[in-house]
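Chemist: Predicted model follows, preceded by the sequence.
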Amino acid sequence: MRHAHEVGKVREAEQALMAALPEGELMRRAARGLAAVCAPIPPRAYGSRVVLLVGSGDNGGDTLFAGAWLARRGAGVEAILAGSKTHEQGLRALRAAGGRVTADEAVIDAADLVIDGLVGIGGHGGLREPYARLAERTAASAAVVVACDVPSGVDASTGEVEGVAITADVTVTFGTYKPGLFVDPGARYAGVVELIDIGLGPRLPEPDVVAPHSEDIRPPRPSPESDKYRRGVLGLIAGSEQFTGAAVLAAGGAVRGGAGMVRFASVRPAVDLVRQRWPETVTTVLEAGDVADVGSLVGRVQAWVVGPGIGTDERAEALVAAALGSDLPVLVDADGLTVLARRRDLLRRTAPTVLTPHAGELARLIGADREAIEARRLEHVREAAAELSAIVLLKGSTTLVAQTGRPVHVNPTGTPWLATAGTGDVLSGLTGAFLASGMPPLDAATAGAYLHGLAARFAVAPHDRPGEGQAPISAYDVITALPRAFRTLSGDTTWAGPG
Ligand SMILES: NC(=O)C1=CN([C@@H]2O[C@H](COP(=O)(O)OP(=O)(O)OC[C@H]3O[C@@H](n4cnc5c(N)ncnc54)[C@H](OP(=O)(O)O)[C@@H]3O)[C@@H](O)[C@H]2O)[C@@H](O)CC1
Ligand SMILES: [K+]
C-alpha cells in the first residue's frame with residue numbers, strides 16, 4: 001500500500017525528526033531529492049533553462065536549494081520570488097551557485113523546466129496573487145513542470161482545489177504521500193508522484209489514506225478442496241420489467257468475479273435474458289407476491305447484491321428490505337440506493353452493508369449537494385460511512401472506499417472511459433462475488449474497484465503498448481476483460497476463502 005498522511009500528522013512527525021537532526025538537514029534531504037528528480041529531465045541539467053517559482057515558506061526554501069544544485073551542474077536557473085519574504089539561506093545558496101533572481105515573468109514562457117515552490121503543505125484556500133497568475137502562465141508554457149511536495153493550489157490533506165492550481169507533470173513529495181495527491185480533483189494536478197524518503201517513516205502514525213498496489217489485491221483463489229459452495233454463493237436481485245440489461249451485466253460481473261455460484265432472482269423477462277447470456281446462473285422467477293420471501297425462494301447464499309435495474313417502486317423497496325433483513329453481507333447499488341435514500345432505517349443491521357454510489361446517488365443518500373461531494377470527496381465518503389454505518393464505495397474520477405476507523409482506500413486503476421451506462425452494474429456483481437467468498441467487505445470493495453478499473457483499461461487499449469490509442473468501451477467489454485485483469489495479480493494469497 002502507498003500511505004498518505006494529512007498535514008497535521010506530517011507536521012508532528014517532522015517536528016520529532018527535526019529535533020533529532022542537525023539544523024537544516026531535513027530541507028537538505030528534500031532539496032537533494034527534488035533536484036535528483038529534476039536533473040535527468042530533458043535537456044538534462046547542463047545548459048537547460050530552469051525557472052523557480054518561489055513562495056515565502058519552506059516550500060520555496062526547498063526549491064531554492066534544488067535550484068542551486070541544478071545551477072552547479074550547469075543549468076541556467078532563474079528564480080521568481082513571489083512571496084512577501086524569501087528563505088534566506090536558500091537564496092544565498094542559489095546566488096552562490098550562479099543562479100539569478102528575476103522579476104520578469106516572461107522567463108516562464110521559454111523555460112525547459114519550471115519548479116513550483118510557491119506553497120506546499122502550508123497552503124490554505126485558493127492561490128492568491130501573484131501566485132495564481134504565475135500558475136496560469138506556467139500552464140500556458142511548454143515547460144516540464146515539477147511541483148515541490150504538492151502542486152501549489154491543491155490542498156494537501158483533502159485534494160480540494162479552489163480556483164487555479166499548478167498543473168504538474170511530476171510532483172516530488174517528501175516523507176509520505178499526501179491524500180490530496182491521490183484524490184481528485186487534486187490528483188489530476190499532481191502528474192506522476194515521486195516519494196522522497198527523508199527519514200520520516202518511523203515517526204509517522206497510521207495513514208489517513210492508502211492506495212493499494214497490485215500485490216495488495218488478493219481475491220480468493222480456489223484451493224484443491226474448494227467446491228462451488230465454499231467459493232461462495234452470491235444472491236443477486238437485479239432487473240425489472242423495464243430494465244433488464246443491468247441484471248445481465250451484474251450477473252456477468254459476479255460470474256467473471258469467481259463466485260462459486262450465482263443465484264439470480266427477478267421478474268420473468270430479466271430471468272430469461274440472464275439465463276440466455278449466463279446459463280451458469282441458477283435463477284428464480286419472482287411473481288408479484290414473492291417479493292418478501294425472496295430469501296427462502298432463492299435458497300442458501302453467503303451474500304446479497306440488490307439494486308441494479310430494480311426500479312424504485314414499492315416492489316423494489318420490499319426487495320431491498322428483504323436483502324437487508326438477512327444477517328448476511330449485502331451490497332446495495334443503483335436503484336437500491338435511491339430506495340435507501342427514503343428508507344435509511346433499513347440500514348440498521350449488524351451484518352456488513354456495502355453501498356456503491358456515484359456522487360449523485362450519495363447526494364440523495366446523505367442529503368448533500370452533488371458538486372460539494374465532487375469537490376470534497378474524501379470528507380463526504382468518510383461522513384457517509386459514519387452516518388450510514390456502512391462501507392461506502394464512492395465511484396467517480398477517483399473511486400474511494402471508506403469504512404469508519406480505517407484509512408480510506410483510493411483506487412489507482414480506472415479510466416475516464418468507464419463513465420458509461422452499465423459499468424456500475426458490473427462492479428456490483430464483481431464486488432458481490434468477493435463478499436460471498438467471505439472476503440472482509442473493505443477488501444472486497446477495494447478489490448472490486450481495482451479489478452474493474454484495470455479491466456476497463458485493458459478494454460480501452462487491449463495491447464497495452466506505449467502510444468496505443470484508446471477506444472470507447474461498453475460495460476460488456478469490461479466483463480470480457482476481467483479474466484485478463486485477474487491474471488495480472490500475483491498468484492499467492494494469504495486468504496483462501498471461507499472454507
Ligand atoms: N514536513 C516535512 O517533513 C518537510 C517539509 N519541507 C517543506 O516545507 C514545506 C512547508 O513549509 P511551510 O510550513 O513554510 O509552508 P509553505 O507550504 O511553504 O507555505 C507557507 C506560506 O505560503 C503562504 N500561503 C499559504 N496559502 C497560500 C495561498 N493560498 N496563496 C498564497 N500564499 C499562501 C503562507 O502565507 P500566509 O497565509 O501565512 O500569509 C505562508 O507564507 C513543505 O511543503 C515542504 O516543501 C521540507 O523542507 C522538509 C521536510
Ligand atoms: K509547491
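Modeler: Sure, I can see it. Ligands and ions are numbered 1, 2, ... in the order given.
Chemist: When you work out contacts or count neighbours from here on, use the C-alpha atoms and nothing else.
Modeler: Will do.
Chemist: Please identify the residues of this structure in proximity to ligand 1?
Modeler: 10-11, 14, 26-27, 30, 56-60, 62, 119-128, 148-149 (C-alpha under 6 Å from any ligand atom).
Chemist: Now with 5 Å, please.
Modeler: Counting by C-alpha under 5 Å from any ligand atom, the chain comes close to ligand 1 at 14, 26-27, 56-59, 119-128.
Chemist: Considering only the residues you listed, which also neighbour ligand 2?
Modeler: For ligand 2, the contacts drawn from the residues of the chain next to ligand 1 by C-alpha under 5 Å from the ion are 119-120.
Chemist: May I see the ChimeraX selection of the buried members of the residues of the chain next to ligand 1?
Modeler: Selecting the buried subset of these in ChimeraX, with 16 or more other C-alpha atoms under 10 Å as the burial test, is done by:
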select :14,26,27,56,57,58,59,119,120,121,123,124,126,127
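Chemist: Select from the residues of the chain next to ligand 1 every entry located in helices.
Modeler: Of these, the ones assigned to helices by DSSP state H are 14, 26-27, 58-59.
Chemist: can you redo those as TSV with pLDDT?
Modeler: Formatted as TSV, these follow (pLDDT from 0 to 100):
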residue	pLDDT
Glu14	96
Leu26	96
Met27	97
Asp58	98
Asn59	98
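Chemist: just these now: which is nearest Val144?
Modeler: For those, the residue nearest Val144 by C-alpha to C-alpha is Asn59; the value is 18.6 Å.
Chemist: you'd agree the closest one is up against Ile115?
Modeler: No. Asn59 is beyond contact range of Ile115, at 10.6 Å (criterion: C-alpha atoms under 8 Å).
Chemist: hey, what's in contact with both of these two?
Modeler: Cys148 (C-alpha atoms under 8 Å, 6 or more residues apart in numbering).
Chemist: Next up, the contacts around Glu88.
Modeler: By C-alpha under 8 Å, 6+ apart, Glu88 lies in contact with Gly61.
Chemist: before we move on, the earlier item: adding distance to Thr173, write the ones in helices among the residues of the chain next to ligand 1 out as CSV.
Modeler: Formatted as CSV, these follow (distance: C-alpha to C-alpha, whole Å):
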residue, distance to Thr173
Glu14, 14
Leu26, 13
Met27, 12
Asp58, 13
Asn59, 11
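Chemist: which among the residues you listed gets closest to ligand 2?
Modeler: Ligand 2 lies nearest to Asn59 out of those, by C-alpha to the ion, at 6.2 Å.
Chemist: ok, that closest one to Arg72 distance?
Modeler: Using C-alpha to C-alpha, to the nearest Å, Asn59 is found at 20 Å from Arg72.
Chemist: now Leu21
Modeler: Distance of Leu21 to Arg72, given as C-alpha to C-alpha: 26 Å.
Chemist: Neighbour count for those two, which is higher?
Modeler: Arg72 (17 against 10; other C-alpha atoms under 10 Å).
Chemist: mind listing what the more buried one touches?
Modeler: Counting by C-alpha under 8 Å, 6+ apart, Arg72 touches 97-98.
Chemist: For the stretch 51-200 of the chain, just list every one of the strands.
Modeler: Assigned by DSSP state E, counting those that start in this stretch, the strands in the stretch 51-200 of the chain fall at 76-81, 100-101, 113-117, 144-148, 170-174, 192-196.
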